[in-house]
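Engineer: Sequence first, then the predicted structure:
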Amino acid sequence: MDKTNKSKIFYKNKLPHYQPVGAAFFVTFRLFGSIPKSKTGELKKLYKSEIIQLRKNEEKNREEILSLRYKYFKKFDELLEKDNIGPHYLKEENISKIVSEQLHRFDNEFYELIAYTIMSNHVHILIDTGIQLSSEINEYDLNNSYVPLDKIMKRIKGPTAIYCNRDLNRKGKFWDRESYDVYIRNHKMLLNIISYILENPVKAGIVKNWRDYKWSYWKGYEADY
């Protein structure tokens, strides 16, 4: 996570996805139709109005912009937890298994898989893309071999959508196109995010201890977070 240098930081074309090369990311992706468009529209409108003000001096307000994204991410997450209308395909054992296997498939290749939890209508993951970097890597190798977060998410969501639809005997969109990502800026934030992910099923009242939830994973489970 510390392998990133400032020359390798970039903004995606569709802001506010801020994805430093080699960083660790907290990502949430959800089922298509899991939140009514009216609700997401309201939140996006509020978010855009606040971020427009901050971006008038983007260099000065960079930390506030990143914090604002996390603030609104949590609001979206609250909507997911309260949803009783949209699809909940991930409740199915086979569906959660498909997603879990795909997350582990790229562990130690495109990222280090630190933690995840698979809920009924969304998935939280914490990954570190720094595993793709080395002290010897040059700019040419970086541009030609590094797999950025947006492409990583396509490799996770694309196949799982196909396999899950097949298992459910359905057609159509499975995942919502947009994922919500926040990059990890320091060790304290890393620990907070691990706790947030693991406690999700506890907060939802599914289990009393995160270790009892089958579809939660933490690479450092043998230690206390």
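Structural biologist: On my side now, so go ahead. Numbers count the residues shown, from 1 in each chain.
Engineer: number of nearby residues for Gly172?
Structural biologist: By other C-beta atoms under 10 Å, the residues close to Gly172 number 8. C-betas here are computed from N, CA, C, even on glycine.
Engineer: Mind jotting down where the helices sit in the protein?
Structural biologist: Taking DSSP state H as the criterion, the chain carries its helices at 37-54, 62-82, 93-105, 139-145, 149-168, 187-198, 200-203.
Engineer: got these as JSON lines, with mean neighbour count, mean pLDDT and distance to Pro20 columns?
Structural biologist: Conversion of the helices of the chain to JSON lines gives the following (neighbours: other C-beta atoms under 10 Å; pLDDT from 0 to 100; distance: least, C-beta to C-beta, whole Å):
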{"stretch": "helix 37-54", "mean neighbour count": "13", "mean pLDDT": "72", "distance to Pro20": "18"}
{"stretch": "helix 62-82", "mean neighbour count": "15", "mean pLDDT": "74", "distance to Pro20": "11"}
{"stretch": "helix 93-105", "mean neighbour count": "16", "mean pLDDT": "97", "distance to Pro20": "21"}
{"stretch": "helix 139-145", "mean neighbour count": "10", "mean pLDDT": "67", "distance to Pro20": "12"}
{"stretch": "helix 149-168", "mean neighbour count": "16", "mean pLDDT": "96", "distance to Pro20": "9"}
{"stretch": "helix 187-198", "mean neighbour count": "16", "mean pLDDT": "94", "distance to Pro20": "14"}
{"stretch": "helix 200-203", "mean neighbour count": "18", "mean pLDDT": "94", "distance to Pro20": "25"}
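Engineer: Can you check which of those helices gets nearest to Ile131?
Structural biologist: If you check each of the helices of the chain against Ile131 by C-beta to C-beta, helix 149-168 wins as the nearest, at 11.4 Å.
Engineer: same for that closest one, what does it pack against?
Structural biologist: strand 24-30, helix 93-105 (3 or more C-beta pairs under 8 Å, 6 or more residues apart in numbering; DSSP states H and E).
Engineer: Output that helix as CSV, restricted to C-alpha atoms.
Structural biologist: Coordinates of each C-alpha in helix 149-168 appear next as CSV, following Å, rounded to 0.1, in the frame of the first residue of the first chain:
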residue,chain,number,x,y,z
LEU,A,149,-9.3,-0.9,-10.4
ASP,A,150,-11.9,-0.3,-13.0
LYS,A,151,-10.6,-3.3,-15.0
ILE,A,152,-10.3,-5.4,-11.9
MET,A,153,-14.0,-4.8,-11.2
LYS,A,154,-15.0,-5.8,-14.7
ARG,A,155,-13.1,-9.1,-14.2
ILE,A,156,-15.0,-9.7,-11.0
LYS,A,157,-18.5,-8.5,-12.1
GLY,A,158,-18.5,-9.8,-15.7
PRO,A,159,-18.0,-13.5,-15.1
THR,A,160,-20.0,-13.6,-11.8
ALA,A,161,-23.0,-12.0,-13.6
ILE,A,162,-22.9,-14.7,-16.3
TYR,A,163,-22.5,-17.6,-13.8
CYS,A,164,-25.1,-16.3,-11.3
ASN,A,165,-27.7,-15.6,-14.0
ARG,A,166,-27.1,-19.1,-15.4
ASP,A,167,-27.5,-20.6,-11.9
LEU,A,168,-30.7,-18.6,-11.3
